[in-house]
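**Student:** no sequence on this one, just coordinates:
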């Protein structure tokens, strides 16, 4: 197993005081708390910091850890010396409400195992019949799935107890119906698909947080969907009926004459379906053809002569 | 693909749309005594509809908010009011991020 540099993880010196360690912990816990942080590895970092704090805040564990010496480097192959914990007595149940089942092998080899369980929820166990943990996962779907509904195969890692009582990570695959009309950030609850029961308690529920895969040209806000639609200058100026893609199929859209760039046209009820469906907003983006040929340059010159147009009139220049 | 045929299709409910909970159901879902739910109602973390606790109905999203506050309290050592403030700021941040994403494309 790999050596863990708890001082390095906490960013404190080896002679840091308890208060310094506590302050470092509070700061890092806020930074990496999975509810707060958007960093991809936040949960891993949060657990790592929790483990480091579990050791460094406890004078017994810290003294034992310090006795390993200062010459170890993070990640170095580690095996505890045979007599390393002689002279130390760890008080049973020394985990202050923390779920030690998620701690590293390195921690376990030094301090033994505490509780069991999964996720970053540290639920103390009070008896041997408990409802399993509710578990959370994200499901990535396409915007089109929200319009039509879909099924998704999900592979989830779960911590469960093996018959001999050790926590182990199992993978399992679920086939889940994505209901039509679901929106970004909503949660689908799958009853009884969460953590396994302890004793005779029922299994927990699995909550799937819905996340839309970024779309090449649609953007979503709540039930409404936005599309930037490139139009030619003459389409915007003269008006036109043009074909527009929507997640539920393309439609013909009438562009009113004299439309300025940035004009928003609403396609009522073409957003994400629901009892009150969202709208699809088409935002006009005027695209200029390149003046790449003699004919194009002549056309632009004719434009200039005919229109006497000062786009900066409102700036007073 | 053999796997796919063997797996039965699971259907769930969308918490934010279809689910309403009584006080007892919320307590069970969050494994929390009613007294603590009262505190969260006082802080405005969850806002039940109904006159008195026996007829209260909570929106499904309440489970998520309560659990977030529970984790913040336990993991960061903040009190209920602090966790409620953090929750609101986090939700505001989320809204702004989505908006920024929409505007920036």
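**Tutor:** The structure has been received and is ready for your questions. As the structure is a prediction and not an experimental result, all values here were calculated from the model.
**Student:** Check the secondary structure at the nearest residue to residue A:66 once chain neighbours are set aside for me.
**Tutor:** In space, and not counting its chain neighbours, residue A:66 is closest to residue A:14: 7.3 Å by Cβ to Cβ, 6 or more residues apart in numbering or on different chains. In short, each C-beta sits where N, CA and C put it, glycine included. At residue A:14 the chain is in coil, as set by DSSP: H, G, I helix; E, B strand; the rest coil.
**Student:** can you check residue A:177 too?
**Tutor:** Put simply, residue A:177 is strand when judged by three-state DSSP.
**Student:** who touches it in this structure?
**Tutor:** Listed by Cβ atoms under 8 Å, 6 or more residues apart in numbering or on different chains, the contact partners of residue A:177 are A:149-151, B:9-12.
**Student:** any idea which element residue B:83 lies in?
**Tutor:** Applying DSSP states H and E as the criterion places residue B:83 in helix B:80-104.
**Student:** Tell me the buried residues in that helix?
**Tutor:** Within helix B:80-104, the residues that qualify as buried are B:80, B:83-84, B:86-87, B:98, counting by 16 or more other Cβ atoms under 10 Å in any protein chain shown.
**Student:** mind pulling up the phi and psi values for the residue nearest to residue A:66?
**Tutor:** phi -60, psi -20 (degrees, to the nearest 10).
**Student:** Ok, the one 5 residues further on next?
**Tutor:** The main-chain torsion angles of residue A:19 are listed as degrees, to the nearest 10 and equal phi -70, psi -40.
**Student:** Name the residues that touch the helix holding residue B:83?
**Tutor:** If you take Cβ under 8 Å, 6+ apart as the criterion, helix B:80-104 is touched by A:35-36, A:184-185, A:219-221, A:226, B:39-40, B:43-45, B:65, B:68-69, B:72-73, B:76, B:78.
**Student:** where's the residue minimising distance to the centre of chain B, which helix or strand?
**Tutor:** Central residue of chain B (Cα atoms, centre = their mean): residue B:64, 2.3 Å from the mean position. Following DSSP H and E, one finds residue B:64 within helix B:61-76.
**Student:** Which neighbouring elements make contact with that helix?
**Tutor:** When contacts are defined as 3 or more Cβ pairs under 8 Å, 6 or more residues apart in numbering or on different chains; DSSP states H and E, helix B:61-76 packs onto helix A:18-32, helix B:15-18, helix B:23-30, helix B:34-43, helix B:80-104.
**Student:** What average pLDDT does the very next helix or strand once past the second one get?
**Tutor:** Read in the C-terminal direction, the helix or strand following helix B:15-18 is strand B:20-21, with elements assigned using DSSP H and E. Mean pLDDT, taken over the full extent of strand B:20-21, equals 90.
**Student:** Next: stretch A:142-157.
**Tutor:** Averaged over stretch A:142-157, pLDDT sits at 90.
**Student:** can you map out the strands along chain A?
**Tutor:** Secondary structure of chain A (DSSP state E): strands located at A:135-141, A:150-161, A:167-178, A:187-190, A:206-212, A:218-221, A:224-231, A:240-244, A:251-255, A:264-267, A:280-286.
**Student:** Nearest to chain B: which residue in the stretch 201-317 of chain A?
**Tutor:** residue A:219 (4.5 Å; Cβ to the nearest Cβ).
**Student:** from memory that residue sits against residue A:212, does it?
**Tutor:** No - the criterion here is Cβ atoms under 8 Å, and residue A:219 misses it with residue A:212 at 9.5 Å.
**Student:** Return the member of the contacts of residue A:177 nearest to residue A:258.
**Tutor:** Distance to residue A:258 across these (Cβ to Cβ) is lowest for residue A:149, with 40.5 Å.
**Student:** Return the residues in contact with that closest one.
**Tutor:** By Cβ under 8 Å, 6+ apart, the neighbours of residue A:149 are A:177-180.
**Student:** what about 6 Å?
**Tutor:** Contact analysis of residue A:149 by Cβ atoms under 6 Å, 6 or more residues apart in numbering or on different chains lists A:179-180.
**Student:** and if you look at the one 4 residues further on?
**Tutor:** Under the criterion of Cβ under 6 Å, 6+ apart, the contact partners of residue A:153 comprise residue A:175.
**Student:** and it, what are its bridge partners?
**Tutor:** Note on residue A:153: beta-bridge partners by DSSP bridges are residue A:175.
**Student:** circling back to that earlier point, bridged to the residue of the stretch 201-317 of chain A closest to chain B, which residues?
**Tutor:** Residue A:219 has these beta-bridge partners by DSSP bridges: residue A:226.
**Student:** Touching, it and residue A:228? I think so.
**Tutor:** No - between residue A:219 and residue A:228 there is no contact under Cβ atoms under 6 Å: 8.3 Å.
**Student:** and the least confident of the buried residues of helix B:80-104?
**Tutor:** pLDDT across the buried residues of helix B:80-104 is lowest for residue B:98, at 78.
**Student:** Residue A:32 against residue A:46, yeah?
**Tutor:** Yes - look at residue A:32 against residue A:46 with Cβ under 6 Å: they come within range, at 4.2 Å.
**Student:** Could you tell me which residues touch both of those two?
**Tutor:** By Cβ under 6 Å, 6+ apart, residue A:32 and residue A:46 have no common neighbours.
**Student:** for the lowest-mean-pLDDT helix or strand in chain A, the distance to its chain's centre please.
**Tutor:** Among the helices and strands of chain A, helix A:105-111 carries the lowest confidence by mean pLDDT, DSSP states H and E, at a mean of 77. Distance of helix A:105-111 from the chain centroid (Cα atoms, centre = their mean, to the nearest Å) equals 30 Å.
**Student:** Give the buried residues for it.
**Tutor:** Per 16+ other Cβ under 10 Å, helix A:105-111 contains these buried residues: A:106-107, A:110-111.
**Student:** do the same with stretch A:213-223
**Tutor:** Buried residues in stretch A:213-223, counted by 16+ other Cβ under 10 Å: A:218-221, A:223.
**Student:** again with stretch B:62-73
**Tutor:** Across stretch B:62-73, burial judged by 16+ other Cβ under 10 Å covers B:62-73.
**Student:** Done for today, thanks.
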